[in-house]
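Student: quick one, structure for this:
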Amino acid sequence: MLFQPEIEQMDRKTLQALQSERLKETVYRAYEHVPFYRRKFDELGVRPEDIRGIEDIYRLPFMKKTDFRENYPFGLFAVNQTDVVRLHGSSGTKGKPTVVGYTKRDIENWAECVARAIATAGGIPGDIFHVLYGYGLFTGGLGLHYGAERLGMTVVPVSVGNTSRQITLIEDFKPRGVAGTPSYLLNIVETLEAMGKDPRQVSLEYGILGAEPWSEEMRKALEEKLGMKALDIYGLSEVMGPGVGIECAEAQDGLHIAEDHFLIEIVHPQTGEPVPDGELGEVVFTTLTKEALPVIRYRTGDMAYIYPEACRCGRTHVRMSRIKGRLDDMLIVRGVNVFPSEIESVVMNIADLSPYYQIVVERQGTLDELTLCVEVNERLVSMAGEFNLQHEAFRSLHHQLGHELKNTLGIGTKITLCEPGTLPRSEGKAVRIVDHRNLYHV
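Tutor: Below is the predicted model:
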């Protein structure tokens, strides 16, 4: 379904002309009302009138997450405080939270973007829509909520937690769509199975999942267990929240970016230079319609690439690949770059393992040590008669997993096989990495 066909199928020339006009307006607003931007522009010798269109984007300075923290809480706002109708922010687990503000029009544009995203994923007016994302300062819950209402859906604002109650509501209300983190939806599936119920018997037909990295293997597992389509949604609070991009139900291959609201670049993570379409690099966004907090060339830390070809769904907006990893999630172990999603892909491809794992990094002397703690599944325990690491089936699994990880990562990995149900379950974003080197904690 096309929510706004005149925008979603706009020809590239017209779309780029619209982007150029909106970019110029954004640059003027930022320069005139935000001292941070005025200082940055002046340092480069760039004036707003120098930016004539999107072809001049590379003349503008980059923005980083630290800029939000250094201008905490409201130093990046381009409107008076009285014009800000809502504040959102990050959890602040690594210091001061990242604070973002919205005017009334910003909220309306955000709802429009999310409504378009839900429709792209297969949602239609009249659907009952179950929201598992957390409400509050996190943008996920309210972002999907307002977008679903804008589309004309019936919203069930459950938020996270109380899994048995979630199941009761899903069984009784019979929602067609669900939105949340893939790890928590997997938790719900496991709980259904533990209750002796078949997850495929619930009413869900599509899931809009995000807020954490997840692999194609995780997608396949959720789709098979629930008998639904699982779609990846992308967003970040600094840029807007969920709804910046989403996969279409037709292709499930690349996220359509709402280019009338956001200008996307892919740059080399070290040099900042643009990379060709199809080449992996760091995702950079510029907002084109935000009033309260315009964002110019924001370096997200996400690694992805742009699809050069058009999508069969007929939408003309550019597609971004699914996120391949985050620079701040990336672990450097003995000089090798390791993304959690690479490990998840290996785990999900081995039949005797469950999808529950944690990555532990420690420093032994001068060397880093990577340990994967992963649960075996109940089938293996039943076949062996008990959880017994000395049993031939467990020894064979240990060897297979070590071999696959070495081939994928290029480094040796210690493995701890765990009993089913012993690793933490997520009710929000899954905690995948425990880094005892005190460099990262995700």
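Student: okay, and Leu372 sits in which element?
Tutor: Under DSSP states H and E, the secondary-structure element containing Leu372 is strand 367-376.
Student: hey, which helix or strand in the protein has the poorest pLDDT?
Tutor: Least confident helix or strand, the chain: strand 331-333 with a mean of 78, by mean pLDDT, DSSP states H and E.
Student: next one: that one to chain centre, how far?
Tutor: Remark: strand 331-333 is offset 21 Å from the chain centroid, using C-alpha atoms, centre = their mean, to the nearest Å.
Student: repeat for stretch 218-231
Tutor: How far stretch 218-231 lies from its chain's middle: 17 Å, per C-alpha atoms, centre = their mean.
Student: numbering from 51 from now on, please.
Tutor: Noted, 51 is the first residue going forward, which turns the last one into stretch 268-281.
Student: may I see the buried residues of it?
Tutor: For stretch 268-281, the neighbour count (16 or more other C-beta atoms under 10 Å) marks 268-269, 271-272, 275-276, 278-281 as buried. For the C-beta atoms, the positions are set from N, CA and C on the backbone; glycine is no exception.
Student: pairing partners for the longest strand anywhere in the chain, with directions?
Tutor: As assigned by DSSP state E, the longest strand anywhere in the chain is strand 403-414. According to DSSP bridges, strand 403-414 has the following sheet partners: strand 417-426 (antiparallel), strand 483-485 (parallel).
Student: which of these sits most buried?
Tutor: Neighbour counts averaged per stretch over those are highest for strand 417-426, at a mean of 18; criterion: mean count of other C-beta atoms under 10 Å.
Student: and the strands paired with strand 403-414 as a markdown table, adding distance to Ile220?
Tutor: What follows is the strands paired with strand 403-414, written out as a markdown table (distance: least, C-beta to C-beta, whole Å):
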| stretch | distance to Ile220 |
| --- | --- |
| strand 417-426 | 24 |
| strand 483-485 | 30 |
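Student: between these, which gets the lowest average pLDDT?
Tutor: The minimum mean pLDDT among these belongs to strand 483-485 (a mean of 83).
Student: just how off-centre is that strand within its chain?
Tutor: On C-alpha atoms, centre = their mean, the centre of strand 483-485 falls 19 Å from the chain's centre.
Student: what residues go with each domain of this protein?
Tutor: When the chain is parsed with automatic domain parsing, its domains come out as 51-378, 381-485.
Student: by mean pLDDT, show me the worst of those domains.
Tutor: The minimum mean pLDDT among these belongs to domain 381-485 (a mean of 89).
Student: start and end of that domain, how far apart?
Tutor: Terminal residues of domain 381-485 lie 9 Å apart, using C-alpha to C-alpha, to the nearest Å.
Student: just to revisit the earlier point, looking at the domains of the chain, which is buried most?
Tutor: domain 51-378 (a mean of 19).
Student: how close does the residue lying closest to Thr213 once chain neighbours are set aside get to Glu199?
Tutor: Distances taken as C-beta to C-beta, 6 or more residues apart in numbering put Thr241 closest to Thr213, at 5.0 Å, once the chain neighbours are dropped. Distance, Thr241 to Glu199, using C-beta to C-beta, to the nearest Å: 28 Å.
Student: before we move on, back to that, got the contact list for the longest strand of the chain?
Tutor: Contact with strand 403-414 is made by 236, 268, 271, 381, 383, 390, 393-394, 397-398, 418-427, 447, 451, 470, 473-475, 481-487, 490, as judged by C-beta atoms under 8 Å, 6 or more residues apart in numbering.
Student: which elements pack onto the helix or strand following the strand holding Leu422?
Tutor: Counting by DSSP H and E, the element after strand 417-426 in chain order, helix or strand, is helix 428-434. Using 3 or more C-beta pairs under 8 Å, 6 or more residues apart in numbering; DSSP states H and E, the elements in contact with helix 428-434 are helix 442-459.
Student: just how off-centre is stretch 379-394 within its chain?
Tutor: Here stretch 379-394 is found 18 Å from its chain centre; the criterion is C-alpha atoms, centre = their mean.
Student: cool, and stretch 402-414?
Tutor: With C-alpha atoms, centre = their mean, you get 21 Å for stretch 402-414.
Student: the helix or strand where Val150 lies pairs with which strands, and in what direction?
Tutor: Val150 belongs to strand 149-152 when assigned by DSSP H and E. If you go by DSSP bridges, strand 149-152 pairs up with strand 136-139 (antiparallel).
Student: now for the least confident helix or strand of the chain, which elements pack on it?
Tutor: strand 386-388, strand 403-414, strand 417-426.
Student: and Gly186, how far is that from Thr366?
Tutor: Distance of Gly186 to Thr366, given as C-beta to C-beta: 36 Å.
Student: remind me, longest helix of this protein?
Tutor: Ordering each helix of the chain by length in residues (DSSP state H) puts helix 62-83 first.
Student: immediately after that one, which helix or strand?
Tutor: Tracing the chain C-terminally past helix 62-83 and defining elements by DSSP H and E, one meets helix 85-94 next.
Student: who touches the following helix or strand past that next one?
Tutor: For helix 85-94, the following helix or strand on the C-terminal side (DSSP H and E) is helix 115-120. Outside helix 115-120, the residues that touch it by C-beta under 8 Å, 6+ apart are 86, 126, 145-146, 148-149, 288, 349, 351.
Student: ok now the strand holding Leu422, how far from the chain's centre?
Tutor: With C-alpha atoms, centre = their mean as the basis, strand 417-426 stands 24 Å off its chain's centre.
Student: extract the C-alpha trace of that strand and format it as CSV.
Tutor: Output in CSV follows, covering the C-alpha atoms of strand 417-426 (Å, rounded to 0.1, in the frame of the first residue of the first chain):
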residue,chain,number,x,y,z
LEU,A,417,45.8,-9.9,24.6
ASP,A,418,42.1,-9.6,24.2
GLU,A,419,39.9,-12.7,24.7
LEU,A,420,36.5,-13.1,23.1
THR,A,421,34.1,-15.5,24.7
LEU,A,422,30.7,-16.4,23.3
CYS,A,423,28.1,-17.7,25.8
VAL,A,424,25.2,-19.3,24.0
GLU,A,425,22.4,-21.5,25.0
VAL,A,426,21.8,-24.9,23.5
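Student: need the residues that contact that strand.
Tutor: Contacts of strand 417-426 (C-beta under 8 Å, 6+ apart): 381-384, 388, 393, 397, 402-404, 406-413, 437, 444, 447, 451, 455, 459, 461, 463-473, 487.
Student: ok, stretch 155-168 next?
Tutor: Applying C-beta under 8 Å, 6+ apart, the set of residues contacting stretch 155-168 is 53-54, 57-58, 135-136, 152, 179, 193-194, 196-201, 203, 227, 258, 283, 290-296, 308, 311, 339-342.
Student: greatest separation within the buried residues of stretch 268-281: which pair is it?
Tutor: Farthest apart among the buried residues of stretch 268-281 by C-beta to C-beta are Lys275 and Leu281. That separation is 15.8 Å.
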